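# After the sequence you'll find the predicted model.
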Amino acid sequence: MSERPSRMTSRPTGLQVALMLVGVAIIFAIDTFAPLDIAIAVLYAVVVIASADFLGRRGILLVCAVCVLQTLLSFAIVHGESLQSGPVLRALIGLCAIGIATLAALRNRKAAESLSDQAALLDLSHDAIFVRDATDVITYWNAGAEELYGWPRKEALGQKSHALLKTKYLPSAGTMEQLDDSNRWQGELVHTRRDGTEVWVVSRWAVQRDERGRPFATMETNSDITEQKHAEDALHHARSQLEHVTRISTLGELTASIAHEVNQPLAAILTNGEAGLRWLLRDKPNLEEVRRALERMISNGRRASEVITRLRALARKSNPSHTVLTLNDIVADVIPLVEREMLNNDVGLRLDLQAPAPPVLGDRVQLAQVVINLVVNAIHAMSQIDDRRRLLSINSGTSLEDSNSQMAVLEIEDTGTGIDPKIAGDIFTAFQTTKADGMGMGLSISRTIVESHGGSISATSGDRWGALFRIRLPALQQDEVAAAAEQAY
Ligand code: ADP
(Lines give C-alpha, C1' and ligand atoms only; values in the text may rest on other atoms or scores of the structure.)
Protein backbone atom coordinates (compact mmCIF):
# COMPACT_ATOMS: atom_id res chain seq x y z
CA MET A 1 0.00 0.00 0.00
CA SER A 2 1.36 3.43 -0.82
CA GLU A 3 1.64 6.23 1.71
CA ARG A 4 -1.49 8.12 2.78
CA PRO A 5 -2.04 11.57 1.25
CA SER A 6 -0.55 14.45 3.20
CA ARG A 7 -2.37 17.66 4.11
CA MET A 8 -0.46 19.27 1.21
CA THR A 9 1.92 21.14 3.55
CA SER A 10 4.81 19.08 2.34
CA ARG A 11 8.26 20.70 2.53
CA PRO A 12 9.32 22.60 -0.62
CA THR A 13 12.16 21.05 -2.57
CA GLY A 14 15.53 22.81 -2.90
CA LEU A 15 14.83 23.46 -6.58
CA GLN A 16 11.51 25.15 -5.80
CA VAL A 17 13.15 27.44 -3.21
CA ALA A 18 16.04 28.22 -5.58
CA LEU A 19 13.68 29.10 -8.46
CA MET A 20 11.68 31.35 -6.17
CA LEU A 21 14.78 33.17 -4.94
CA VAL A 22 16.04 33.62 -8.49
CA GLY A 23 12.62 34.99 -9.51
CA VAL A 24 12.57 37.44 -6.60
CA ALA A 25 16.15 38.53 -7.34
CA ILE A 26 15.44 39.10 -11.07
CA ILE A 27 12.33 41.17 -10.32
CA PHE A 28 14.29 43.18 -7.72
CA ALA A 29 17.11 43.78 -10.19
CA ILE A 30 14.74 44.93 -12.98
CA ASP A 31 12.74 47.07 -10.55
CA THR A 32 15.86 48.70 -9.17
CA PHE A 33 18.23 49.01 -12.08
CA ALA A 34 16.18 49.00 -15.30
CA PRO A 35 15.04 52.48 -16.40
CA LEU A 36 11.40 51.40 -16.88
CA ASP A 37 8.44 53.53 -15.89
CA ILE A 38 6.10 50.63 -15.14
CA ALA A 39 5.04 48.84 -11.95
CA ILE A 40 7.51 45.94 -12.19
CA ALA A 41 6.74 44.99 -8.57
CA VAL A 42 3.41 43.58 -9.83
CA LEU A 43 5.44 40.55 -10.96
CA TYR A 44 6.00 39.67 -7.29
CA ALA A 45 2.31 38.62 -7.29
CA VAL A 46 3.25 35.76 -9.64
CA VAL A 47 5.90 34.58 -7.17
CA VAL A 48 3.40 34.67 -4.30
CA ILE A 49 0.80 32.69 -6.26
CA ALA A 50 3.40 30.15 -7.41
CA SER A 51 4.58 29.69 -3.81
CA ALA A 52 1.07 28.54 -2.79
CA ASP A 53 1.70 25.30 -4.65
CA PHE A 54 4.37 24.13 -2.25
CA LEU A 55 4.25 26.39 0.82
CA GLY A 56 1.93 26.47 3.78
CA ARG A 57 0.19 29.51 5.25
CA ARG A 58 3.29 30.77 7.05
CA GLY A 59 5.49 30.28 4.01
CA ILE A 60 3.10 32.32 1.83
CA LEU A 61 3.08 35.14 4.40
CA LEU A 62 6.90 35.06 4.52
CA VAL A 63 7.14 35.29 0.72
CA CYS A 64 4.64 38.15 0.82
CA ALA A 65 6.76 39.96 3.44
CA VAL A 66 9.96 39.46 1.40
CA CYS A 67 8.26 40.79 -1.76
CA VAL A 68 6.92 43.86 0.13
CA LEU A 69 10.36 44.57 1.61
CA GLN A 70 12.04 44.17 -1.81
CA THR A 71 9.53 46.58 -3.35
CA LEU A 72 10.12 49.18 -0.60
CA LEU A 73 13.89 48.66 -0.75
CA SER A 74 13.95 49.07 -4.51
CA PHE A 75 11.79 52.25 -4.17
CA ALA A 76 14.11 53.63 -1.48
CA ILE A 77 17.20 53.00 -3.61
CA VAL A 78 15.78 54.54 -6.81
CA HIS A 79 13.40 57.25 -5.56
CA GLY A 80 14.40 57.71 -1.90
CA GLU A 81 15.60 61.25 -2.33
CA SER A 82 12.83 62.82 -4.39
CA LEU A 83 9.27 61.60 -3.81
CA GLN A 84 7.33 61.94 -7.08
CA SER A 85 3.75 60.93 -7.49
CA GLY A 86 4.43 58.58 -10.51
CA PRO A 87 6.92 56.23 -8.82
CA VAL A 88 4.90 56.31 -5.54
CA LEU A 89 1.77 55.26 -7.45
CA ARG A 90 3.67 52.45 -9.24
CA ALA A 91 5.07 51.19 -5.92
CA LEU A 92 1.58 51.29 -4.40
CA ILE A 93 0.17 49.33 -7.35
CA GLY A 94 2.91 46.74 -6.86
CA LEU A 95 2.18 46.48 -3.13
CA CYS A 96 -1.56 46.14 -3.83
CA ALA A 97 -0.89 43.32 -6.34
CA ILE A 98 1.27 41.51 -3.78
CA GLY A 99 -1.46 41.93 -1.13
CA ILE A 100 -4.25 40.66 -3.40
CA ALA A 101 -2.11 37.72 -4.59
CA THR A 102 -1.34 36.82 -0.97
CA LEU A 103 -5.04 36.84 -0.02
CA ALA A 104 -5.92 34.68 -3.05
CA ALA A 105 -3.05 32.28 -2.32
CA LEU A 106 -4.13 31.93 1.32
CA ARG A 107 -7.70 31.26 0.31
CA ASN A 108 -6.65 28.65 -2.26
CA ARG A 109 -4.42 27.12 0.32
CA LYS A 110 -7.37 26.81 2.73
CA ALA A 111 -9.67 25.26 0.12
CA ALA A 112 -6.96 22.82 -0.92
CA GLU A 113 -6.33 21.88 2.69
CA SER A 114 -9.97 21.25 3.39
CA LEU A 115 -10.24 19.11 0.22
CA SER A 116 -7.17 17.22 1.25
CA ASP A 117 -8.60 16.76 4.75
CA GLN A 118 -11.76 15.31 3.23
CA ALA A 119 -9.72 13.00 1.04
CA ALA A 120 -7.73 11.91 4.11
CA LEU A 121 -11.04 11.16 5.85
CA LEU A 122 -12.12 8.98 2.91
CA ASP A 123 -8.82 7.16 3.36
CA LEU A 124 -9.90 6.12 6.84
CA SER A 125 -12.77 4.14 5.33
CA HIS A 126 -12.32 0.38 5.04
CA ASP A 127 -14.34 0.53 1.83
CA ALA A 128 -12.73 0.99 -1.53
CA ILE A 129 -13.77 4.45 -2.71
CA PHE A 130 -12.94 5.94 -6.07
CA VAL A 131 -14.23 8.67 -8.33
CA ARG A 132 -14.43 8.34 -12.10
CA ASP A 133 -15.27 11.03 -14.62
CA ALA A 134 -17.82 10.91 -17.42
CA THR A 135 -15.41 8.90 -19.57
CA ASP A 136 -14.83 6.36 -16.79
CA VAL A 137 -11.33 7.67 -16.06
CA ILE A 138 -10.36 7.34 -12.37
CA THR A 139 -9.71 10.74 -10.77
CA TYR A 140 -9.62 9.72 -7.11
CA TRP A 141 -8.56 6.44 -5.48
CA ASN A 142 -8.54 5.99 -1.72
CA ALA A 143 -6.35 3.82 0.49
CA GLY A 144 -9.19 1.26 0.82
CA ALA A 145 -9.20 0.85 -2.98
CA GLU A 146 -5.42 0.35 -2.94
CA GLU A 147 -5.83 -2.30 -0.28
CA LEU A 148 -8.75 -4.12 -1.90
CA TYR A 149 -7.59 -4.08 -5.51
CA GLY A 150 -3.81 -3.96 -5.06
CA TRP A 151 -3.42 -1.02 -7.47
CA PRO A 152 -1.45 1.87 -5.92
CA ARG A 153 -3.04 5.29 -6.30
CA LYS A 154 -0.37 6.47 -8.74
CA GLU A 155 -1.08 3.61 -11.13
CA ALA A 156 -4.86 3.68 -10.80
CA LEU A 157 -5.32 7.41 -11.47
CA GLY A 158 -5.94 8.08 -15.15
CA GLN A 159 -7.02 4.51 -15.95
CA LYS A 160 -10.51 3.51 -17.10
CA SER A 161 -12.14 1.92 -14.07
CA HIS A 162 -14.15 -0.82 -15.79
CA ALA A 163 -11.12 -1.91 -17.83
CA LEU A 164 -8.79 -1.82 -14.83
CA LEU A 165 -11.15 -3.80 -12.58
CA LYS A 166 -12.74 -5.95 -15.34
CA THR A 167 -16.19 -5.20 -13.89
CA LYS A 168 -18.73 -8.02 -14.18
CA TYR A 169 -22.35 -7.43 -13.21
CA LEU A 170 -24.05 -10.19 -11.23
CA PRO A 171 -27.64 -11.00 -12.21
CA SER A 172 -28.68 -9.57 -8.84
CA ALA A 173 -27.12 -6.24 -9.86
CA GLY A 174 -30.45 -5.31 -11.42
CA THR A 175 -30.88 -2.52 -13.91
CA MET A 176 -29.09 0.78 -14.15
CA GLU A 177 -32.34 2.64 -14.78
CA GLN A 178 -32.52 3.92 -11.22
CA LEU A 179 -29.25 5.74 -11.89
CA ASP A 180 -31.12 8.14 -14.14
CA ASP A 181 -33.93 8.71 -11.67
CA SER A 182 -32.13 9.02 -8.37
CA ASN A 183 -28.47 9.46 -9.37
CA ARG A 184 -27.77 6.50 -7.15
CA TRP A 185 -27.30 2.81 -7.80
CA GLN A 186 -26.52 -0.19 -5.65
CA GLY A 187 -25.80 -3.75 -6.67
CA GLU A 188 -23.37 -6.63 -6.53
CA LEU A 189 -20.38 -6.73 -8.86
CA VAL A 190 -17.35 -8.88 -9.43
CA HIS A 191 -14.04 -7.04 -9.84
CA THR A 192 -10.61 -8.42 -10.63
CA ARG A 193 -7.68 -7.49 -8.40
CA ARG A 194 -4.22 -6.64 -9.64
CA ASP A 195 -3.09 -10.21 -8.91
CA GLY A 196 -5.88 -11.59 -11.13
CA THR A 197 -8.08 -12.93 -8.32
CA GLU A 198 -11.76 -12.00 -8.30
CA VAL A 199 -13.45 -10.06 -5.56
CA TRP A 200 -17.21 -9.76 -4.98
CA VAL A 201 -18.36 -6.32 -3.89
CA VAL A 202 -21.51 -4.52 -2.93
CA SER A 203 -21.15 -1.40 -5.01
CA ARG A 204 -22.83 1.94 -4.31
CA TRP A 205 -22.68 4.65 -6.95
CA ALA A 206 -23.51 8.33 -6.61
CA VAL A 207 -23.52 10.41 -9.77
CA GLN A 208 -22.73 14.15 -9.82
CA ARG A 209 -24.24 16.20 -12.63
CA ASP A 210 -23.52 19.67 -13.99
CA GLU A 211 -26.13 22.45 -14.36
CA ARG A 212 -27.30 20.89 -17.63
CA GLY A 213 -27.84 17.54 -15.95
CA ARG A 214 -24.91 15.83 -17.66
CA PRO A 215 -23.01 13.40 -15.41
CA PHE A 216 -19.44 14.53 -14.84
CA ALA A 217 -18.31 12.35 -11.95
CA THR A 218 -19.39 9.15 -10.24
CA MET A 219 -18.28 8.19 -6.77
CA GLU A 220 -18.16 4.42 -6.33
CA THR A 221 -17.97 2.87 -2.85
CA ASN A 222 -17.28 -0.85 -2.84
CA SER A 223 -17.45 -3.19 0.16
CA ASP A 224 -15.80 -6.58 -0.08
CA ILE A 225 -18.32 -9.45 0.30
CA THR A 226 -16.13 -12.21 -1.13
CA GLU A 227 -15.95 -14.15 2.14
CA GLN A 228 -19.69 -13.88 2.59
CA LYS A 229 -20.23 -15.14 -0.98
CA HIS A 230 -17.90 -18.09 -0.42
CA ALA A 231 -19.73 -18.91 2.83
CA GLU A 232 -23.09 -18.68 1.02
CA ASP A 233 -21.82 -20.96 -1.76
CA ALA A 234 -20.50 -23.45 0.78
CA LEU A 235 -23.82 -23.36 2.65
CA HIS A 236 -25.74 -23.82 -0.57
CA HIS A 237 -23.50 -26.73 -1.53
CA ALA A 238 -23.81 -28.35 1.89
CA ARG A 239 -27.58 -27.90 1.83
CA SER A 240 -27.95 -29.47 -1.59
CA GLN A 241 -25.70 -32.37 -0.50
CA LEU A 242 -27.86 -32.87 2.57
CA GLU A 243 -31.01 -32.66 0.49
CA HIS A 244 -29.62 -35.29 -1.81
CA VAL A 245 -28.54 -37.58 1.01
CA THR A 246 -31.92 -37.40 2.76
CA ARG A 247 -33.68 -37.97 -0.54
CA ILE A 248 -31.59 -41.06 -1.20
CA SER A 249 -32.15 -42.26 2.36
CA THR A 250 -35.94 -41.79 1.99
CA LEU A 251 -35.81 -43.65 -1.30
CA GLY A 252 -33.73 -46.28 0.48
CA GLU A 253 -36.64 -46.82 2.86
CA LEU A 254 -38.82 -47.44 -0.16
CA THR A 255 -36.42 -49.79 -1.96
CA ALA A 256 -38.43 -52.93 -1.30
CA SER A 257 -41.66 -51.30 -2.45
CA ILE A 258 -40.06 -49.77 -5.51
CA ALA A 259 -38.37 -53.03 -6.45
CA HIS A 260 -41.78 -54.64 -6.28
CA GLU A 261 -43.23 -51.86 -8.40
CA VAL A 262 -40.68 -52.65 -11.10
CA ASN A 263 -40.75 -56.41 -10.66
CA GLN A 264 -44.45 -56.67 -11.14
CA PRO A 265 -44.54 -55.31 -14.69
CA LEU A 266 -41.40 -57.31 -15.50
CA ALA A 267 -43.15 -60.49 -14.35
CA ALA A 268 -46.19 -59.51 -16.40
CA ILE A 269 -43.98 -59.01 -19.45
CA LEU A 270 -42.58 -62.48 -18.96
CA THR A 271 -46.00 -64.07 -18.56
CA ASN A 272 -47.38 -62.24 -21.58
CA GLY A 273 -44.29 -63.11 -23.61
CA GLU A 274 -44.69 -66.81 -22.84
CA ALA A 275 -48.42 -66.67 -23.54
CA GLY A 276 -47.81 -64.87 -26.82
CA LEU A 277 -45.27 -67.49 -27.80
CA ARG A 278 -47.74 -70.28 -27.03
CA TRP A 279 -50.45 -68.61 -29.15
CA LEU A 280 -47.89 -68.30 -31.94
CA LEU A 281 -46.68 -71.93 -31.76
CA ARG A 282 -50.14 -73.40 -32.02
CA ASP A 283 -50.87 -75.42 -35.14
CA LYS A 284 -53.09 -72.57 -36.12
CA PRO A 285 -51.46 -69.45 -34.56
CA ASN A 286 -53.95 -67.04 -32.98
CA LEU A 287 -52.50 -63.74 -34.09
CA GLU A 288 -55.19 -61.71 -32.33
CA GLU A 289 -54.12 -63.16 -28.96
CA VAL A 290 -50.46 -62.63 -29.85
CA ARG A 291 -51.22 -58.98 -30.61
CA ARG A 292 -52.98 -58.55 -27.25
CA ALA A 293 -50.08 -60.21 -25.39
CA LEU A 294 -47.63 -57.90 -27.14
CA GLU A 295 -49.74 -54.84 -26.26
CA ARG A 296 -49.79 -55.90 -22.61
CA MET A 297 -46.02 -56.41 -22.74
CA ILE A 298 -45.57 -52.89 -24.12
CA SER A 299 -47.80 -51.27 -21.54
CA ASN A 300 -46.10 -53.16 -18.67
CA GLY A 301 -42.71 -52.26 -20.08
CA ARG A 302 -43.76 -48.61 -20.08
CA ARG A 303 -44.95 -48.84 -16.48
CA ALA A 304 -41.64 -50.28 -15.31
CA SER A 305 -39.67 -47.74 -17.28
CA GLU A 306 -41.77 -44.87 -15.89
CA VAL A 307 -41.05 -45.94 -12.33
CA ILE A 308 -37.34 -46.21 -13.10
CA THR A 309 -37.33 -42.81 -14.83
CA ARG A 310 -38.97 -41.17 -11.80
CA LEU A 311 -36.63 -42.96 -9.48
CA ARG A 312 -33.59 -41.88 -11.49
CA ALA A 313 -34.79 -38.28 -11.54
CA LEU A 314 -35.08 -38.34 -7.76
CA ALA A 315 -31.78 -40.13 -7.20
CA ARG A 316 -29.86 -37.86 -9.57
CA LYS A 317 -28.04 -34.96 -8.05
CA SER A 318 -28.82 -31.98 -10.19
CA ASN A 319 -29.17 -28.28 -9.66
CA PRO A 320 -32.73 -27.10 -9.06
CA SER A 321 -34.49 -26.07 -12.22
CA HIS A 322 -37.79 -24.28 -11.95
CA THR A 323 -40.58 -25.00 -14.42
CA VAL A 324 -44.29 -24.33 -14.57
CA LEU A 325 -46.12 -27.29 -13.02
CA THR A 326 -49.02 -28.10 -10.73
CA LEU A 327 -49.04 -29.79 -7.35
CA ASN A 328 -51.22 -32.48 -8.98
CA ASP A 329 -48.25 -33.29 -11.28
CA ILE A 330 -46.09 -33.80 -8.22
CA VAL A 331 -48.68 -36.11 -6.63
CA ALA A 332 -48.82 -38.08 -9.89
CA ASP A 333 -45.02 -38.41 -9.84
CA VAL A 334 -44.94 -39.61 -6.26
CA ILE A 335 -47.87 -42.07 -6.10
CA PRO A 336 -46.23 -44.83 -8.19
CA LEU A 337 -43.22 -44.74 -5.87
CA VAL A 338 -45.19 -44.99 -2.63
CA GLU A 339 -48.19 -47.05 -3.71
CA ARG A 340 -46.66 -50.39 -2.85
CA GLU A 341 -45.41 -49.10 0.54
CA MET A 342 -48.97 -48.11 1.37
CA LEU A 343 -50.28 -51.49 0.30
CA ASN A 344 -47.67 -53.28 2.42
CA ASN A 345 -48.70 -51.19 5.44
CA ASP A 346 -52.37 -51.64 4.75
CA VAL A 347 -52.88 -47.92 4.18
CA GLY A 348 -55.75 -46.79 1.97
CA LEU A 349 -55.45 -43.75 -0.31
CA ARG A 350 -58.07 -41.07 -0.90
CA LEU A 351 -57.27 -38.53 -3.57
CA ASP A 352 -59.24 -35.32 -3.89
CA LEU A 353 -57.38 -33.24 -6.45
CA GLN A 354 -58.67 -29.95 -7.80
CA ALA A 355 -58.82 -29.92 -11.59
CA PRO A 356 -57.56 -27.90 -13.26
CA ALA A 357 -54.97 -27.23 -10.56
CA PRO A 358 -53.36 -23.79 -10.32
CA PRO A 359 -49.94 -23.59 -11.98
CA VAL A 360 -46.91 -22.87 -9.82
CA LEU A 361 -43.24 -22.33 -10.54
CA GLY A 362 -41.12 -25.04 -8.97
CA ASP A 363 -38.47 -27.69 -9.11
CA ARG A 364 -40.14 -31.02 -9.83
CA VAL A 365 -37.59 -33.17 -8.01
CA GLN A 366 -37.43 -31.01 -4.88
CA LEU A 367 -41.21 -30.79 -4.57
CA ALA A 368 -41.53 -34.55 -5.11
CA GLN A 369 -39.02 -34.99 -2.28
CA VAL A 370 -41.26 -32.94 0.01
CA VAL A 371 -44.37 -34.95 -0.84
CA ILE A 372 -42.52 -38.26 -0.48
CA ASN A 373 -41.26 -37.16 2.96
CA LEU A 374 -44.78 -36.28 4.08
CA VAL A 375 -46.33 -39.47 2.70
CA VAL A 376 -43.65 -41.75 4.16
CA ASN A 377 -44.00 -40.01 7.55
CA ALA A 378 -47.77 -40.47 7.37
CA ILE A 379 -47.37 -44.17 6.57
CA HIS A 380 -44.98 -44.53 9.54
CA ALA A 381 -47.40 -42.69 11.84
CA MET A 382 -50.18 -45.16 10.88
CA SER A 383 -48.16 -48.37 10.82
CA GLN A 384 -49.06 -49.30 14.43
CA ILE A 385 -52.69 -48.20 14.31
CA ASP A 386 -55.17 -51.05 14.57
CA ASP A 387 -58.35 -49.52 16.02
CA ARG A 388 -59.29 -47.45 12.97
CA ARG A 389 -58.83 -47.33 9.26
CA ARG A 390 -55.35 -46.36 8.08
CA LEU A 391 -56.19 -43.73 5.54
CA LEU A 392 -53.97 -41.28 3.70
CA SER A 393 -55.85 -38.35 2.13
CA ILE A 394 -54.20 -36.10 -0.39
CA ASN A 395 -56.18 -32.99 -1.29
CA SER A 396 -55.20 -30.18 -3.62
CA GLY A 397 -56.91 -26.82 -4.00
CA THR A 398 -56.55 -23.06 -4.03
CA SER A 399 -56.73 -20.49 -1.28
CA LEU A 400 -56.90 -16.72 -1.43
CA GLU A 401 -54.36 -14.64 0.47
CA ASP A 402 -55.07 -11.33 2.20
CA SER A 403 -53.21 -9.63 -0.61
CA ASN A 404 -55.67 -11.23 -3.04
CA SER A 405 -52.93 -13.42 -4.47
CA GLN A 406 -53.83 -17.05 -4.97
CA MET A 407 -52.00 -19.90 -3.31
CA ALA A 408 -51.89 -23.48 -4.55
CA VAL A 409 -52.50 -25.76 -1.57
CA LEU A 410 -51.69 -29.41 -1.03
CA GLU A 411 -52.83 -31.22 2.13
CA ILE A 412 -51.57 -34.59 3.28
CA GLU A 413 -53.64 -36.01 6.09
CA ASP A 414 -53.40 -39.29 7.94
CA THR A 415 -55.22 -41.18 10.66
CA GLY A 416 -52.02 -41.97 12.59
CA THR A 417 -50.75 -41.18 16.06
CA GLY A 418 -50.88 -37.41 15.63
CA ILE A 419 -47.89 -35.19 16.34
CA ASP A 420 -46.08 -35.85 19.61
CA PRO A 421 -46.81 -32.73 21.77
CA LYS A 422 -43.18 -32.77 22.95
CA ILE A 423 -41.91 -31.78 19.52
CA ALA A 424 -45.06 -30.18 18.08
CA GLY A 425 -43.59 -26.65 18.29
CA ASP A 426 -40.27 -27.61 16.65
CA ILE A 427 -41.36 -30.26 14.24
CA PHE A 428 -39.70 -28.48 11.28
CA THR A 429 -36.43 -27.93 13.17
CA ALA A 430 -33.48 -30.14 12.19
CA PHE A 431 -32.80 -33.28 14.27
CA GLN A 432 -36.25 -33.33 15.90
CA THR A 433 -37.31 -36.94 15.78
CA THR A 434 -39.31 -39.39 17.84
CA LYS A 435 -38.10 -42.40 15.85
CA ALA A 436 -35.34 -44.65 17.17
CA ASP A 437 -33.66 -44.69 13.77
CA GLY A 438 -34.88 -41.26 12.61
CA MET A 439 -32.59 -38.44 11.48
CA GLY A 440 -35.11 -35.67 11.99
CA MET A 441 -34.02 -34.01 8.76
CA GLY A 442 -36.97 -34.75 6.46
CA LEU A 443 -39.33 -32.01 7.65
CA SER A 444 -36.57 -29.45 8.10
CA ILE A 445 -35.43 -29.96 4.52
CA SER A 446 -39.04 -29.96 3.33
CA ARG A 447 -39.54 -26.56 4.92
CA THR A 448 -36.34 -25.17 3.34
CA ILE A 449 -37.48 -26.39 -0.07
CA VAL A 450 -41.02 -25.02 0.24
CA GLU A 451 -39.77 -21.65 1.53
CA SER A 452 -37.21 -21.42 -1.25
CA HIS A 453 -40.25 -21.65 -3.56
CA GLY A 454 -41.80 -18.66 -1.82
CA GLY A 455 -44.31 -20.85 0.01
CA SER A 456 -44.97 -22.18 3.50
CA ILE A 457 -45.58 -25.51 5.20
CA SER A 458 -47.53 -26.14 8.40
CA ALA A 459 -48.54 -29.08 10.54
CA THR A 460 -51.52 -29.63 12.81
CA SER A 461 -52.74 -32.61 14.80
CA GLY A 462 -56.30 -33.81 14.40
CA ASP A 463 -58.78 -33.44 17.29
CA ARG A 464 -58.78 -37.12 18.05
CA TRP A 465 -55.98 -38.57 15.98
CA GLY A 466 -53.90 -38.08 12.90
CA ALA A 467 -51.91 -35.18 11.49
CA LEU A 468 -52.41 -32.78 8.63
CA PHE A 469 -49.54 -31.20 6.72
CA ARG A 470 -50.36 -28.28 4.46
CA ILE A 471 -48.10 -26.91 1.72
CA ARG A 472 -48.89 -23.52 0.19
CA LEU A 473 -47.12 -22.20 -2.90
CA PRO A 474 -47.81 -18.94 -4.77
CA ALA A 475 -50.02 -19.72 -7.77
CA LEU A 476 -49.13 -18.13 -11.08
CA GLN A 477 -51.69 -15.85 -12.75
CA GLN A 478 -52.60 -16.83 -16.28
CA ASP A 479 -50.53 -14.02 -17.78
CA GLU A 480 -47.58 -14.97 -15.59
CA VAL A 481 -47.54 -18.56 -16.85
CA ALA A 482 -46.20 -17.76 -20.31
CA ALA A 483 -43.66 -15.28 -18.97
CA ALA A 484 -42.56 -17.70 -16.24
CA ALA A 485 -42.23 -20.54 -18.73
CA GLU A 486 -39.97 -18.34 -20.85
CA GLN A 487 -37.82 -17.23 -17.98
CA ALA A 488 -37.81 -20.63 -16.21
CA TYR A 489 -34.51 -20.89 -14.43
P1 ADP B 1 -37.66 -38.42 10.86
O2 ADP B 1 -38.73 -39.02 10.00
O3 ADP B 1 -36.29 -38.87 10.52
O4 ADP B 1 -37.95 -38.49 12.31
P5 ADP B 1 -38.78 -35.91 10.02
O6 ADP B 1 -38.19 -34.55 10.03
O7 ADP B 1 -39.35 -36.39 8.73
O8 ADP B 1 -37.63 -36.87 10.51
O9 ADP B 1 -39.90 -35.98 11.12
C10 ADP B 1 -39.65 -35.45 12.39
C11 ADP B 1 -40.66 -35.97 13.41
O12 ADP B 1 -41.93 -35.40 13.12
C13 ADP B 1 -40.89 -37.45 13.37
O14 ADP B 1 -39.91 -38.14 14.15
C15 ADP B 1 -42.28 -37.56 13.95
O16 ADP B 1 -42.24 -37.55 15.38
C17 ADP B 1 -42.97 -36.29 13.55
N18 ADP B 1 -43.87 -36.52 12.42
C19 ADP B 1 -43.64 -36.29 11.14
N20 ADP B 1 -44.71 -36.61 10.38
C21 ADP B 1 -45.66 -37.05 11.23
C22 ADP B 1 -47.00 -37.52 11.06
N23 ADP B 1 -47.59 -37.62 9.87
N24 ADP B 1 -47.67 -37.87 12.19
C25 ADP B 1 -47.10 -37.77 13.40
N26 ADP B 1 -45.85 -37.34 13.63
C27 ADP B 1 -45.15 -36.98 12.55
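Looks like it came in fine.

# can you give me the helices for the stretch 301-450 of the chain?
Shown for the stretch 301-450 of the chain, the helices assigned by DSSP state H, counting those that start in this stretch span residues 327-344, 364-382, 442-452.

# would you turn these into a markdown table with mean pLDDT, distance to residue 278 and mean neighbour count?
C-beta here means a position set from N, CA and C on the backbone, and glycine is covered the same way. Compiled in a markdown table, the helices of the stretch 301-450 of the chain are given as follows (pLDDT from 0 to 100; distance: least, CB to CB, whole Å; neighbours: other CB atoms under 10 Å):
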| stretch | mean pLDDT | distance to residue 278 | mean neighbour count |
| --- | --- | --- | --- |
| helix 327-344 | 89 | 30 | 19 |
| helix 364-382 | 92 | 40 | 23 |
| helix 442-452 | 90 | 48 | 20 |
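
# Using CSV, lay out those helices together with distance to residue 24.
As requested, the helices of the stretch 301-450 of the chain are exported to CSV (distance: least, CB to CB, whole Å):
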stretch, distance to residue 24
helix 327-344, 91
helix 364-382, 83
helix 442-452, 77
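
# wait, which of those is closest to residue 88?
Nearest of the helices of the stretch 301-450 of the chain to residue 88, taken as CB to CB: helix 442-452 at 89.7 Å.

# Between helix 364-382 and the closest one, find me the angle.
For the pair helix 442-452 and helix 364-382, the angle between their directions (axes from the mean of the first three to the mean of the last three CA atoms, to 10 degrees) equals 140 degrees.

# any idea how far helix 442-452 is from the chain center?
In terms of CA atoms, centre = their mean, to the nearest Å, the centre of helix 442-452 is set 22 Å apart from its chain centre.

# who does it touch, helix- and strand-wise?
Under the contact criterion of 3 or more CB pairs under 8 Å, 6 or more residues apart in numbering; DSSP states H and E, the helices and strands touching helix 442-452 comprise helix 226-253, helix 364-382, strand 456-461.

# Next, the angle helix 327-344 makes with whatever helix or strand comes next after the last one.
Per DSSP states H and E, strand 456-461 leads on to strand 467-474 as the next helix or strand towards the C-terminus. Strand 467-474 and helix 327-344 meet at an angle of 160 degrees, taking the same axes, to 10 degrees as the criterion.

# can you give me the offset of the helix or strand following strand 467-474 from its chain's centre?
Following strand 467-474 in sequence order, the next helix or strand is helix 478-487 (DSSP H and E). Put simply, helix 478-487 sits 24 Å off its chain's centre (CA atoms, centre = their mean).

# mind listing what's buried in the longest helix along the chain?
The single longest helix within the chain, with elements called by DSSP state H, is helix 85-124. Taking 16 or more other CB atoms under 10 Å as the neighbour-count basis, helix 85-124 is seen to contain the buried residues 90-91, 94-95, 97-98, 101-102, 105-106, 109, 119-120, 122-123.

# out of the residues you listed, which one sits closest to the ligand?
residue 122 (51.7 Å; CB to the nearest ligand atom).

# surely residue 273 meets residue 297?
Yes: the criterion here is CB atoms under 8 Å, and residue 273 meets it with residue 297 at 6.0 Å.

# Looking only at neighbour counts, state which of these two leads.
Summary of the neighbour comparison: residue 273 and residue 297, criterion other CB atoms under 10 Å, with residue 297 having more neighbours (19 against 14).

# Now render the helices of the stretch 301-450 of the chain as CSV, adding distance to the ligand.
Supplementary listing: these in CSV, determined by distance: least, CB to the nearest ligand atom, whole Å:
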stretch, distance to the ligand
helix 327-344, 13
helix 364-382, 3
helix 442-452, 3
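
# what about the stretch 351-489 of the chain, any weak spots by pLDDT?
In the predicted model, the stretch 351-489 of the chain carries pLDDT under 70 at residues 485-489.

# what does it have sitting close to the ligand?
373, 377-378, 381, 414, 416-420, 423, 427, 432-435, 438-444, 467 (CB under 6 Å from any ligand atom).

# again, only using 5 Å
Along the stretch 351-489 of the chain, the residues adjacent to the ligand under the rule CB under 5 Å from any ligand atom are 377-378, 381, 416, 419, 427, 433-435, 438-440, 442-443, 467.

# how about JSON lines for the helices and strands packed on helix 442-452, with distance to residue 59 added?
As requested, the helices and strands packed on helix 442-452 are arranged in JSON lines below (distance: least, CB to CB, whole Å):
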{"stretch": "helix 226-253", "distance to residue 59": "46"}
{"stretch": "helix 364-382", "distance to residue 59": "73"}
{"stretch": "strand 456-461", "distance to residue 59": "72"}
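
# all helices of the stretch 151-300 of the chain, in order?
153-156, 161-165, 177-182, 226-253, 255-281, 287-315.

# Quick check: buried residues in stretch 58-71?
Neighbour-count burial for stretch 58-71 [16+ other CB under 10 Å]: 59-60, 63-64, 66-68, 70-71.

# Go through these and flag which are in strands.
With strands taken from DSSP state E, there is no overlap with the buried residues of stretch 58-71.

# where does residue 34 fall, phi/psi-wise?
Dihedral angles phi and psi of residue 34 (degrees, to the nearest 10) take the values phi -80, psi 140.

# Tell me how many other residues crowd it.
As a burial measure, the neighbour count of residue 34 was computed by other CB under 10 Å and equals 9.

# quick one: it and residue 28 touch, right?
No: using CB under 8 Å, residue 34 is not in contact with residue 28; the gap is 10.8 Å.
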